[in-house]
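Visitor: okay, structure incoming, though there's no sequence with it:
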């Protein structure tokens, strides 16, 4: 089994001492690990967490994304390989003491290849993981999985836009428990790649195709999203004097997933 060596330098600025940082390590053909930094300790120390090997009984595993809302709430996502050689999407949540591992999108993953590509946790009671799964016909679908502090609930997104039924989700960002935006691409009926976003309002996800007028070549996607704040359109856009600089931006009408 190959070993992995990480050299970590101390912070040069003593005033900057975050309570928790998390980095990830990929150990192919062996184990999957994350390392949270306990900066409250003196000196600051890293603690290695290895995901149970039973989750990775195949040949490869990876952590692709991690998000923390506080020093007692983190989530990491990626994939593991099961004993049948199928790739399963994985999430692991941290409560300040322990990591709890769980596969997601299992009911959607009929083709045996799924993974989490992005994750965002705006609070201790909400995390959104997103990625893709495969179908028996070898097409891929985009999914999100919502964590309410106890359980993960999976849902396909991007499927209301039509096309040939192929999509992938590559990015997600949440400003609050009632505003998240996920994005990626889907394949239209002409086999062109179109960028899309799916917006969560706390209850439902609504899909929107974007950048279509900018995509004559048929090759577009969303690779990164950032949602720093949330402003209610009724209060922000209803003012007599408003401008985009105040955060008033509305997406076109879309269709709910």
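Guide: Here it is on my side, so go on. Because the structure is predicted, anything quoted here is derived from the model rather than measured. Numbering: from 1, shown residues only.

Visitor: okay, strands next: where are they in the stretch 1-150 of the chain?
Guide: With DSSP state E, counting those that start in this stretch as the criterion, the stretch 1-150 of the chain has strands at 20-26, 32-38, 45-46, 49-51, 62-70, 73-81, 87-94, 99-104, 115-123, 126-134, 140-147.

Visitor: worst average pLDDT in the ones you listed?
Guide: With a mean of 43, strand 20-26 has the lowest mean pLDDT of the strands of the stretch 1-150 of the chain.

Visitor: hmm, back to that, what's the closest of the strands of the stretch 1-150 of the chain to residue 161?
Guide: strand 140-147 (10.1 Å; Cβ to Cβ). Just so you know, the C-beta spots here come from the backbone N, C-alpha and C atoms, and that holds for glycine as well.

Visitor: which strands and helices lie in contact with the closest one?
Guide: strand 87-94, strand 126-134, strand 152-157, strand 167-176, strand 179-187, strand 193-200 (3 or more Cβ pairs under 8 Å, 6 or more residues apart in numbering; DSSP states H and E).

Visitor: do you know which of these lies nearest residue 120?
Guide: Of all these, strand 167-176 comes closest under Cβ to Cβ, at 4.4 Å.

Visitor: now do the closest one and strand 140-147, the angle between them.
Guide: Computed with axes from the mean of the first three to the mean of the last three Cα atoms, to 10 degrees, the direction of strand 167-176 lies at 20 degrees from that of strand 140-147.

Visitor: any buried residues in strand 167-176, and which?
Guide: Within strand 167-176, the residues scored as buried using 16 or more other Cβ atoms under 10 Å are 167-175.

Visitor: ok, residue 222 to residue 168 distance?
Guide: To residue 168, residue 222 is 10 Å away according to Cβ to Cβ, to the nearest Å.

Visitor: name the SS class of residue 213, please.
Guide: helix (DSSP: H, G, I helix; E, B strand; the rest coil).

Visitor: what is the neighbour count of it?
Guide: 6 (other Cβ atoms under 10 Å).

Visitor: next one, pLDDT for it please.
Guide: For residue 213, the model assigns a pLDDT of 95.

Visitor: for residue 247, same thing?
Guide: 40.

Visitor: still on that earlier bit, buried deepest among the helices and strands packed on strand 140-147, which one?
Guide: strand 126-134 (a mean of 27; mean count of other Cβ atoms under 10 Å).

Visitor: quick one: strands adjacent to that strand?
Guide: Strand 126-134 has the following sheet partners, assigned by DSSP bridges: strand 115-123 (antiparallel), strand 140-147 (antiparallel).

Visitor: so which of those is nearest residue 182?
Guide: strand 140-147 (5.6 Å).

Visitor: one step back: any chance of the strands of the stretch 1-150 of the chain in JSON lines, plus distance to residue 226?
Guide: Putting the strands of the stretch 1-150 of the chain into JSON lines (distance: least, Cβ to Cβ, whole Å) gives the following:
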{"stretch": "strand 20-26", "distance to residue 226": "19"}
{"stretch": "strand 32-38", "distance to residue 226": "23"}
{"stretch": "strand 45-46", "distance to residue 226": "27"}
{"stretch": "strand 49-51", "distance to residue 226": "27"}
{"stretch": "strand 62-70", "distance to residue 226": "12"}
{"stretch": "strand 73-81", "distance to residue 226": "18"}
{"stretch": "strand 87-94", "distance to residue 226": "21"}
{"stretch": "strand 99-104", "distance to residue 226": "23"}
{"stretch": "strand 115-123", "distance to residue 226": "10"}
{"stretch": "strand 126-134", "distance to residue 226": "14"}
{"stretch": "strand 140-147", "distance to residue 226": "17"}
